[in-house]
Structures are given as structure tokens and as C-alpha cells.
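Student: my questions are about this predicted structure, shown below with the sequence.
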Number of protein chains: 2
Amino acid sequence: MEPQGLLARMTRALRCLPGVGPKSAQRMTFYLLQRDREGARQLALAVLEALDKVGHCVECRTLTEAERCAICSDPRRERSLLCVVETPAEAEAINEATGFKGVFFVLNGRLSPLDGIGPMELRLDLLEARLRFGDIREIILATNTTVEGEATAHYIHDMARDQQITISKLAYGMPLGGELEYIDGATLSHAFHGRKNV
Amino acid sequence: MEPQGLLARMTRALRCLPGVGPKSAQRMTFYLLQRDREGARQLALAVLEALDKVGHCVECRTLTEAERCAICSDPRRERSLLCVVETPAEAEAINEATGFKGVFFVLNGRLSPLDGIGPMELRLDLLEARLRFGDIREIILATNTTVEGEATAHYIHDMARDQQITISKLAYGMPLGGELEYIDGATLSHAFHGRKNV
């Protein structure tokens, strides 16, 4: 009913959220202003404060409001065990699901020369310094199985090869609970050819 | 990686958005802080300004930053034709899709005594004054076909009955392009029993 103005501006602004198209953005605008003004205010304030105070951990580059994130500043974590991931969310997922007791290095992206994302953008210089001087025993390459993710893992593999470091990757195969019929062909082929004797 | 603090607060705050669960909220937090800080800032500022300045149109009760919304302040709209809807989004949808040239009354809800939403919460007092003194020729009841929506329409129908006003409702039946096989039984039955000679 108000094609211009603050409602339209708020709807447009909500579209910066991943997965939010014009219809949901409009629904969110009306919902917040009509039903949850207090929630909307808390949201705006939380975003502004996070923008102001959240930066990158000086060691692992994950998002944190501290100089060092909770994991990097935890003396019980094994610092010789380093898991490389693309995003903070993936580090969190591995940390929660696996009982991993080492530390992370978060690339915040993947190599993608066409988008201007090279080794410096991922701060692979920091990672290299750590591999060289950081007393790392094993590096786990947990990038995604996309072309760019694999290329990134390959690049890091090359960096680490000359050091006396175990280099590992996640195991790929059938997801637990996955049914053969519904699994994509690439995964199925990978699982089949990588079958193990039992 | 940072279970407490600003990241968690921002993720929690994002869950006030309709349709956003814990996983998408976390994804949004990481995305905004990592990839689109400028968009996040615009979002927060747009929300705060809308909260500050957007209120209800004094005539139709839709959300607007002006005293009267664009439709109510447009002299070309037929003020004797009044369409009652539950939400500003529904008014906008009707306005855009139908070529309707009248004006709206937005209930911003529906009668729901158990939730404490009665006639006063929907400002049916304003609607009644308008029906009584506003020279209305036709009132179109475009509430939803839920139990509460129907009850609300019924209530307004009773209010309008004594005035010399045409009362209409939207036509219900098969949606255009809908296939018989996939339509819900209630709609199909409605369309079947309301069939028309051609």
C-alpha cells in the first residue's frame, strides 16, 4: 500500500539476508512492525553491536568479539592438531559433532581466482607461518567437495607437504541413514569404489 | 565456536523473523558479519527508522509513515467502496492484482477471543463509525477462510446489515491453473456445489 518510503526500504534491506526473497522480505516487514516491534528493536541493536565488536580471531580467523576465540584461548585444546575449514559455521559444526579436541583455522572462503579470492584473501600466509613454526602434528583438510574447495585443499596440501606433518581429509561415502536409492550418483560411486572389507 | 556473546545474541535476535529457525539464523549471522556488513548495517538502520516512524493510517489502519496512507490520501480512489482485509500485505495484494479503485480497512488481525483479540483490538469501532456516517455503498469482506476469519467477516456483516450497504465476499472456488487432483477437498466441494451454468 506504500510502494515508496520506509516500509519499502526495510523490505529491501531485509533482502540482504541469505534465502530471503521479495515475498518473505515483505512478510517480515509487516510481521515485525505489526506483531513484534520489541523483537525488531532487539534485532537491529544486536546487529549493530555485533558489527561494531565482532572481528576475526587473531589465531584461527573465526568470527569472535574477543581477540582470541573461545577455542583458541582454551588451554585444554591440542594445538598440534589443526583442522582447516571454510567457514566459522563449519568449525562450529565439527566442534559440536565430533569431539575434536584440536584447534581450527578458518579460511572464511575458498580459493576462487575469478572472484579475486587468492591465498592472501584467505590469509594462507598466517596458516603457512603456523605450519612452519607452529609445531603442528596433523592438519585435517575439511574444505567442501566443490571444485574451489578441492582446489583450496590441494593448495594447502602443497604448502604442508614439505613439513613433517600428517595431512588428512574427511572420509567421504554414504551418509548415515542415507538410502542407496536417494543418494546422488557421485557419492554412491565414491562409496562403492572406496568400499572396505568387514 | 562462540556459544555465548554477541554472535549468539545476534543469532537469537534473528529468530524473531517469521520462518527463521536456529539453523538459518546462524547462517544469517555468519553471512552478514562475513560477507555483507554494509547490508547488515543498512538493515539495522532501516528497521530502527521504520520502528520510529511507521505507524497506522488514521483512516484505514494500514502501516504507513504518513498520517494517511497513499491510498487513503489519493483523491481518485472511490471512498464509497470499502474492502476489509486482515493485514496490510493482503490490502497490497488486492490493490496490485485486481484493479480495485476503492479504499481499504485493515483489521491488523482477526477476532480471536481466546487470544484476547476482540472488536476493540481490530478497531471495529472506527469501521462502524465509517459504515454509519461514511457514505459507504459497498463493503467487500476479504478476510481469510479460517474459522477466525469467517467469524470476523460474520461480525462485520452483522454491523453493516442495518445500513443500506451492499455486502459482498470474495468468490471461492478452484484457483486458476489448479488441477482437480491436487486441490484440497473443501475447496473442491465448494467449487462443485457452487458450479455455474455456462
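Tutor: In hand now; what should we look at? As the structure is a prediction and not an experimental result, all values here were calculated from the model.

Student: going forward, measure contacts between C-alpha atoms and count neighbours the same way
Tutor: Will do.

Student: can you pull out the helices in chain A?
Tutor: Secondary structure of chain A by DSSP state H: the helices cover A:5-14, A:22-35, A:37-53, A:88-98, A:124-133, A:147-161, A:185-193.

Student: now render these as TSV, adding mean neighbour count, distance to chain B and mean pLDDT.
Tutor: Listed next are the helices of chain A as TSV, based on neighbours: other C-alpha atoms under 10 Å in any protein chain shown; distance: least, C-alpha to the nearest C-alpha, whole Å; pLDDT from 0 to 100:
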stretch	mean neighbour count	distance to chain B	mean pLDDT
helix A:5-14	21	5	94
helix A:22-35	18	6	92
helix A:37-53	20	4	96
helix A:88-98	16	5	88
helix A:124-133	16	17	91
helix A:147-161	17	18	92
helix A:185-193	13	24	81
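
Student: out of those, flag the one nearest B:Asp115.
Tutor: With C-alpha to C-alpha as the measure, helix A:22-35 is the member of the helices of chain A nearest B:Asp115 (13.4 Å).

Student: tell me the angle of the closest one relative to helix B:37-53?
Tutor: 40 degrees (axes from the mean of the first three to the mean of the last three C-alpha atoms, to 10 degrees).

Student: which neighbouring elements make contact with helix A:22-35?
Tutor: In this structure, helix A:22-35 packs against helix A:5-14, helix A:37-53, strand B:63-64, helix B:88-98, with contacts taken as 3 or more C-alpha pairs under 8 Å, 6 or more residues apart in numbering or on different chains; DSSP states H and E.

Student: avg pLDDT for the shortest one?
Tutor: Confidence over strand B:63-64 (mean pLDDT, whole number) is 93.

Student: which residues does that strand contact?
Tutor: A:2, A:7, A:30, A:33-34, B:54-57, B:69, B:88 (C-alpha atoms under 8 Å, 6 or more residues apart in numbering or on different chains).

Student: which of those residues lies closest to B:Ile156?
Tutor: B:Ile156 has its nearest neighbour among the contacts of strand B:63-64 in B:Pro88, at 18.2 Å by C-alpha to C-alpha.

Student: and the closest one, how far is that from B:Ser112?
Tutor: Going from B:Pro88 to B:Ser112 by C-alpha to C-alpha, to the nearest Å gives 18 Å.

Student: over to A:Leu6?
Tutor: A:Leu6 is 30 Å from B:Ser112, by C-alpha to C-alpha.

Student: try A:Glu96
Tutor: 43 Å.

Student: residues near the residue lying closest to A:Gly118 once chain neighbours are set aside, how many?
Tutor: Distances taken as C-alpha to C-alpha, 6 or more residues apart in numbering or on different chains put A:Leu111 closest to A:Gly118, at 5.4 Å, once the chain neighbours are dropped. As a burial measure, A:Leu111 scores 23 neighbours (other C-alpha atoms under 10 Å in any protein chain shown).

Student: ok, A:Val198 next?
Tutor: 3.

Student: find the centremost residue of chain A, please.
Tutor: Per C-alpha atoms, centre = their mean, the C-alpha nearest to the average position across chain A is that of A:Thr87, at 1.4 Å.

Student: that one reaches A:Cys60, doesn't it?
Tutor: No - if you go by C-alpha atoms under 8 Å, A:Thr87 and A:Cys60 don't touch, sitting 10.8 Å apart.

Student: now for these two: what residues contact both?
Tutor: Taking C-alpha under 8 Å, 6+ apart as the criterion, A:Thr87 and A:Cys60 both touch A:Val106.

Student: ok so, going back, what sits against the residue nearest to the centre of chain A?
Tutor: A:62, A:106-109.

Student: ok, A:Val58 next?
Tutor: A:67-68.

Student: same thing but 10 Å
Tutor: A:64, A:66-69, A:72, A:126 (C-alpha atoms under 10 Å, 6 or more residues apart in numbering or on different chains).

Student: quick one: it and B:Pro18, what's the gap?
Tutor: A:Val58 is 35 Å from B:Pro18, by C-alpha to C-alpha.

Student: my read: A:Asp36 touches B:Cys16, true?
Tutor: Yes - using C-alpha atoms under 10 Å, A:Asp36 is in contact with B:Cys16, at 7.6 Å.

Student: re the thing from before, state the phi and psi torsions of the residue nearest to the centre of chain A.
Tutor: Dihedral angles of A:Thr87 (phi, psi; degrees, to the nearest 10) stand at phi -130, psi 160.

Student: domain-wise, how is chain A divided?
Tutor: A:5-53, A:63-169 (automatic domain parsing).

Student: figure out the length between the terminal residues of the first one.
Tutor: It refers to domain A:5-53. 30 Å.

Student: then the last one?
Tutor: Taking C-alpha to C-alpha, the first and last residues of domain A:63-169 lie 24 Å apart.

Student: run the chain-centre distance for it.
Tutor: 10 Å (C-alpha atoms, centre = their mean, to the nearest Å).

Student: on that earlier part again, and the helices and strands packed on helix A:22-35 as TSV, adding distance to B:Glu148?
Tutor: As requested, the helices and strands packed on helix A:22-35 are exported to TSV (distance: least, C-alpha to C-alpha, whole Å):
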stretch	distance to B:Glu148
helix A:5-14	27
helix A:37-53	24
strand B:63-64	22
helix B:88-98	16
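
Student: who wins for proximity to A:Asp184 among the ones you listed?
Tutor: That would be, of the helices and strands packed on helix A:22-35 and by C-alpha to C-alpha, helix A:5-14, which comes in at 33.9 Å.

Student: contacts for that closest one, please.
Tutor: Here helix A:5-14 has contacts from A:1-3, A:20-30, A:33, B:39-51, B:53-54, B:63-66, using C-alpha under 10 Å, 6+ apart.

Student: isn't A:Pro18 right up against B:Met28?
Tutor: Yes - because the distance of 6.2 Å satisfies C-alpha under 10 Å, A:Pro18 is recorded as touching B:Met28.
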